[in-house]
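> predicted model and sequence below, questions to follow.
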Amino acid sequence: MSIVILVIGILIAGISGGADLYSDYRLTSAKSLTQNSRVSRVDSLEMWVESTQDGAFSNLVSTAPISYNFIKKPDNKQPIAKWNNVKIAQNINSDVDPYQTISDRQPFYTESAINGLPALYFDGKTDGTGDFLSFKAKFINDYSNFTIFIVEKRTNFAVKSQWGFGPYQYILSTTDFTDGLAVGPVLNGYIRIIPGSFYQIGNYLDKTYLHTFLIDENLGKKIYLNGVQKLSVADVIRPRVPNDNLMKIAYFDRSWAQDYYTGFIGEIIIFSKALNNSERSDVEKYLLKKWAINLN
């Protein structure tokens, strides 16, 4: 009996060790893909946050004055106060880092969240303590072109809009993000990109998706799901966020609705221009490969 127990113990240890090795390989590979991607070489890069690089996150040291410390390697389930821009490109504005100074509204770092890679978990609570991050959207401070990439995996629809349209949970929004763009999955498997215009993505929960949102003053608005165009409209009215107002990640706040996103967000990249097809495709290929996103 003791020999059997010993053998079982060795097998379990081997399986556990193999899983750890695979996890380490996935993380190392993701770091390399990030560091060697074309993202940092495309001009007009304004914000790039992701979850695999050393120093990707910071914790809050003081609120008066506000100060942070880099976290080299977060602990699993550790609350995150600031999501740091990737420092590979010199043209990234570090003062647009998403942050949350209220401790019970900070998302949690999760080690194996999206296909073996870490991501931030937003709990979607509706009691006033739901997790979200904010950042200065000054690069959309005038009517401007831009391209947004988001990698996420929703785990629940936790709230319905007070208008009865729910669940109405936004990935990225702001009270003043007006005139044409509401970025986020709504209505049980739809992405709302323009009021009244939707594209269906089927079984949405617990699946990883790459969303691309592009606005061009001459060509209109386009949205892509996992690199495949799903919607194109000629509307060239462009959103603006006036007066350096804050944009929120995982939270939509209006006087008539307060809606939270529930799930994992692994990477957000924003350019203050409409990327051409080659640039957009290169960024999407990098994200699809890194996050092992199934195109089916």
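Arrived safely, thanks for sending.

> buried stuff in stretch 138-153?
Neighbour counts over stretch 138-153 (16 or more other CB atoms under 10 Å) mark 138-140, 144-153 as buried. Heads up, the C-betas are built off the backbone N, CA and C, glycines and all.

> so among the residues you listed, where is pLDDT lowest?
Among the buried residues of stretch 138-153, residue 140 has the lowest pLDDT, at 66.

> residue 214 - how many residues pack around it?
Using other CB atoms under 10 Å, the number of residues around residue 214 comes to 23.

> does it touch residue 280 like I think?
Yes: contact criterion CB atoms under 8 Å: residue 214 and residue 280 qualify, at 6.9 Å.

> quickly find the element holding residue 287.
Here residue 287, judged by DSSP states H and E, is contained in helix 277-290.

> cool, and residue 151?
Going by DSSP H and E, residue 151 is part of strand 146-154.

> nearest to residue 98 among the buried residues of stretch 138-153?
Comparing these against residue 98 with CB to CB picks out residue 150 as the nearest, at 12.5 Å.

> what sits closest to that closest one if chain neighbours are left out?
Setting aside the residues directly before and after it, residue 150 is nearest to residue 211 in space (CB to CB, 6 or more residues apart in numbering), at 4.7 Å.

> quick one: strands adjacent to the helix or strand that contains the one you found?
Residue 211 is part of strand 208-216, with elements assigned from DSSP H and E. Strand 208-216 has its sheet partners listed here by DSSP bridges as strand 146-154 (antiparallel), strand 220-225 (antiparallel).

> hmm, residue 98 and residue 249 touching each other?
Yes: with contacts counted by CB under 8 Å, residue 249 reaches residue 98, the gap being 5.6 Å.

> pull up the overlap in contacts between those two.
Common neighbours of residue 249 and residue 98, using CB atoms under 8 Å, 6 or more residues apart in numbering, are 133, 134, 135.

> residue contacts, the second one?
Yep, that's residue 134 we're talking about. Applying CB under 8 Å, 6+ apart, the residues near residue 134 are 98, 99, 100, 246, 247, 248, 249.

> pLDDT score for the nearest residue to the fifth one once chain neighbours are set aside?
Spatially, and ignoring its direct neighbours in sequence, residue 247 is nearest to residue 137 (3.9 Å; CB to CB, 6+ apart). Confidence per residue is given as pLDDT, and for residue 137 that number is 75.

> number of residues surrounding residue 137?
For residue 137, the neighbour count with other CB under 10 Å is 25.

> next, give phi and psi for it.
Here is the backbone geometry of residue 137 (degrees, to the nearest 10): phi -100, psi 50.

> can you offset everything so residue one is 80?
Yep, numbering from 80; the last one is residue 216 now.

> show me the shaky parts of this structure.
Within the chain, the ranges that satisfy pLDDT under 70 run 80-98, 166-172, 219-222, 236-282, 314-324, 331-338, 375.

> what about the strands in the stretch 180-329 of the chain?
187-193, 196-202, 212-215, 225-233, 251-252, 264-265, 269-273, 276-279, 287-295, 299-304, 307-312, 325-328 (DSSP state E, counting those that start in this stretch).

> now those as TSV including distance to residue 107?
As requested, those are arranged in TSV below (distance: least, CB to CB, whole Å):
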stretch	distance to residue 107
strand 187-193	14
strand 196-202	11
strand 212-215	26
strand 225-233	19
strand 251-252	29
strand 264-265	31
strand 269-273	32
strand 276-279	35
strand 287-295	20
strand 299-304	28
strand 307-312	29
strand 325-328	27
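
> tell me the strands beside whatever helix or strand residue 125 lives in, with direction?
In this assignment (DSSP H and E), residue 125 forms part of strand 124-129. The strands beside strand 124-129 in its sheet (DSSP bridges) come out as strand 341-350 (antiparallel).
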